[in-house]
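Participant: From the sequence below, what's the structure:
(chains A, B, C, D, E and F)
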6 protein chains.
Amino acid sequence: MTTLKTETPQEGFELALKLSRMAVKATQPDSDVLKTLRNHYANNADSLTAVSHVVAVHFQTIAAANNYWK
Amino acid sequence: MTTLKTETPQEGFELALKLSRMAVKATQPDSDVLKTLRNHYANNADSLTAVSHVVAVHFQTIAAANNYWK
Amino acid sequence: MTTLKTETPQEGFELALKLSRMAVKATQPDSDVLKTLRNHYANNADSLTAVSHVVAVHFQTIAAANNYWK
Amino acid sequence: MTTLKTETPQEGFELALKLSRMAVKATQPDSDVLKTLRNHYANNADSLTAVSHVVAVHFQTIAAANNYWK
Amino acid sequence: MTTLKTETPQEGFELALKLSRMAVKATQPDSDVLKTLRNHYANNADSLTAVSHVVAVHFQTIAAANNYWK
Amino acid sequence: MTTLKTETPQEGFELALKLSRMAVKATQPDSDVLKTLRNHYANNADSLTAVSHVVAVHFQTIAAANNYWK
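Facilitator: Okay, the predicted model is just below:
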């Protein structure tokens, strides 16, 4: 990751998703464990809301970095 | 999504709702699973508050992007 | 909702309360269900704190929109 | 509440505490219920952390409103 | 607390820790109760993450107050 | 920690991870306890999301401190 600049809000949103996963992988690097955990949170409404919350915080940062794509 | 600009705060709020769902769909793309989960969180007070929280964060971003519709 | 402008911080706070409920109603439009849920969260300390948290995020947005009523 | 201006960060912090309680009272106006709930959250570590979180968000708003008391 | 100014980010971080505890003490002033609660949250991973979250919000405020120590 | 400046967003993200752990260590300095707790949160989806959330808040601060590496 060398820049927070993206062409569109859509790409910015995808970068926010990527950043939210980066901290998870840094804390739990074992991809087998992560796959098992995914089965839990992808089928739990509150877990999905929590993931969406983290993405929202990163999207705020990325939007500011791109001057809101004005 | 190509812009965060909206005409009114009301439209901005609707975009915030849409963004909060986008991250959920990106994490759980199966619409049948999502429909089942909806039954849970739409009938649980704390789940609804959590959804409202994510919308609030996105609304903050969108409001800034629109210079607060001043 | 056509503006985030309010005369005073007090009115801004009331708008924040309103916004926090708007996302809940958008997700669960059935007012009978909402009345039942209210009985739960209005009598649960942690639920009330969670509601207060969402209001705080919206109040931050509204305060910025009003240049902090300076 | 007619202003977010305070003389010192300390007073700003006290205002943040007050705001965090305002949303709770708006949602549950019955002071007897609130007294009972207080007994719960004042003796629960995670509840206290959640209260502290809400205060932190309001303090951020108030600090910005006071240009950080520079 | 008369200022949010600190010499270094490190000192700013320590102030953020102090602020996160201030709201807890304001809500539960009994130091014996707080000592008992500490035993809980200091040995619970999710409680520690929640404390770290509050510190992060305060650190954001303090960093802005210090113009990020640029 | 004497500066929030980093060369790249990647390094900024690593600093955000470090800050999220700093508050945990300040609250629970015993490294044996922390190792035991790690076993819990590194294998729990919601705990990992919560950690990711704290990192997102710190990353927002660090990104602002670096003028978003523009």
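Participant: Can you tell me how far residue A:30 is from residue F:42?
Facilitator: To residue F:42, residue A:30 is 8 Å away according to C-beta to C-beta, to the nearest Å. In short, each C-beta sits where N, CA and C put it, glycine included.
Participant: And the two? Which one has more around it.
Facilitator: More crowded of residue A:30 and residue F:42, by other C-beta atoms under 10 Å in any protein chain shown: residue F:42, with 18 against 12.
Participant: Leaving out chain neighbours, which residue sits closest to that one?
Facilitator: Excluding its sequence neighbours, the residue lying closest to residue F:42 (C-beta to C-beta, 6 or more residues apart in numbering or on different chains) is residue A:28, at 4.6 Å.
Participant: Pick out the residue closest to the middle of chain A.
Facilitator: What sits nearest the mean C-alpha location of chain A, by C-alpha atoms, centre = their mean, is residue A:17, with 2.4 Å.
Participant: if you look at the worst-scoring helix or strand of chain A on mean pLDDT, does any of it touch chain F?
Facilitator: Every helix and strand in chain A was compared by mean pLDDT, DSSP states H and E; the lowest is helix A:31-41, with a mean of 95. Yes. On the criterion C-beta under 8 Å from any C-beta of the partner chain, helix A:31-41 is in touch with chain F at A:33, A:37-38, A:40-41.
Participant: which other helices and strands contact the one helix or strand residue A:64 maps to?
Facilitator: Using DSSP states H and E, residue A:64 falls within helix A:45-65. Judged by 3 or more C-beta pairs under 8 Å, 6 or more residues apart in numbering or on different chains; DSSP states H and E, the packing partners of helix A:45-65 are helix A:9-27, helix A:31-41, helix B:9-27, helix B:31-41, helix B:45-65, helix F:45-65.
Participant: The fifth one versus helix C:45-65: what angle between them?
Facilitator: Put plainly, it is helix B:45-65. Taking axes from the mean of the first three to the mean of the last three C-alpha atoms, to 10 degrees, one finds helix B:45-65 and helix C:45-65 inclined to each other by 10 degrees.
Participant: what is the mean pLDDT for helix B:45-65?
Facilitator: Predicted confidence along helix B:45-65 averages 98 (mean pLDDT).
Participant: And that helix, how far out from the chain middle?
Facilitator: Offset of helix B:45-65 from its chain centre (C-alpha atoms, centre = their mean, to the nearest Å): 6 Å.
Participant: re earlier: ok, the residue nearest to the centre of chain A to residue A:10 distance?
Facilitator: On the measure of C-beta to C-beta, residue A:17 and residue A:10 end up 11 Å apart.
Participant: likewise residue A:69?
Facilitator: 10 Å.
Participant: more neighbours, the two?
Facilitator: Comparing residue A:69 with residue A:10 by other C-beta under 10 Å, the one with more neighbours is residue A:69, at 19 against 14.
Participant: Flag every buried residue along stretch A:4-21.
Facilitator: Within stretch A:4-21, the residues that qualify as buried by neighbour count (16 or more other C-beta atoms under 10 Å in any protein chain shown) are A:4-6, A:9, A:12-17, A:19-21.
Participant: so residue A:9 sits right up against residue A:67, yeah?
Facilitator: No. At 11.7 Å, residue A:9 does not count as touching residue A:67 under the criterion of C-beta atoms under 8 Å.
Participant: How about the contacts made by the nearest residue to residue A:59 once chain neighbours are set aside?
Facilitator: In space, and not counting its chain neighbours, residue A:59 is closest to residue A:16: 4.0 Å by C-beta to C-beta, 6+ apart. Counting by C-beta atoms under 8 Å, 6 or more residues apart in numbering or on different chains, residue A:16 makes contact with A:55-56, A:58-59, A:61-62, B:23.
Participant: Apply 10 Å and report the result again.
Facilitator: Under the criterion of C-beta atoms under 10 Å, 6 or more residues apart in numbering or on different chains, the neighbours of residue A:16 are A:4, A:6, A:54-63, B:19, B:22-23, B:26, F:56.
Participant: Need the residues touching each of residue A:69 and residue A:10.
Facilitator: Common neighbours of residue A:69 and residue A:10 (C-beta under 10 Å, 6+ apart) are B:1-3.
Participant: what separates the closest residue to residue A:57 other than its chain neighbours from residue A:51, distance-wise?
Facilitator: Of all residues not flanking residue A:57 in the chain, residue F:56 sits nearest, at 4.0 Å (C-beta to C-beta, 6+ apart). Separation of residue F:56 from residue A:51 (C-beta to C-beta): 11 Å.
Participant: Next: residue A:45.
Facilitator: 11 Å.
Participant: Neighbour count: these two, which is higher?
Facilitator: A direct count of neighbours by other C-beta under 10 Å for residue A:45 and residue A:51 places residue A:51 higher, at 29 against 23.
Participant: In this structure the more buried one contacts residue B:24, no?
Facilitator: Yes. Using C-beta atoms under 10 Å, residue A:51 is in contact with residue B:24, at 7.5 Å.
Participant: what is in contact with the two at once?
Facilitator: Common neighbours of residue A:51 and residue B:24 (C-beta under 10 Å, 6+ apart) are A:42, B:54.
Participant: tell me the contacts of the residue of chain A found nearest chain D?
Facilitator: Chain D sits closest to residue A:57 of chain A, with a gap of 12.5 Å, by C-beta to the nearest C-beta. By C-beta under 10 Å, 6+ apart, the contact set of residue A:57 is A:16, A:19-20, B:54, B:57-58, B:61, F:52-57, F:59-60.
Participant: Could you rerun that using 8 Å?
Facilitator: Contacts of residue A:57 (C-beta under 8 Å, 6+ apart): B:57, F:53, F:56-57, F:60.
Participant: And for residue A:6?
Facilitator: By C-beta under 8 Å, 6+ apart, the neighbours of residue A:6 are A:12, A:14-15, A:62, A:66.
Participant: Next: residue A:59.
Facilitator: Residue A:59 sits next to A:12-13, A:16, B:19, B:58, B:61 when contact means C-beta under 8 Å, 6+ apart.
Participant: With residue A:9 instead?
Facilitator: A:63, A:69, B:1-4.
Participant: mind running it again at 7 Å?
Facilitator: By C-beta atoms under 7 Å, 6 or more residues apart in numbering or on different chains, the contact list for residue A:9 reads A:69, B:1-4.
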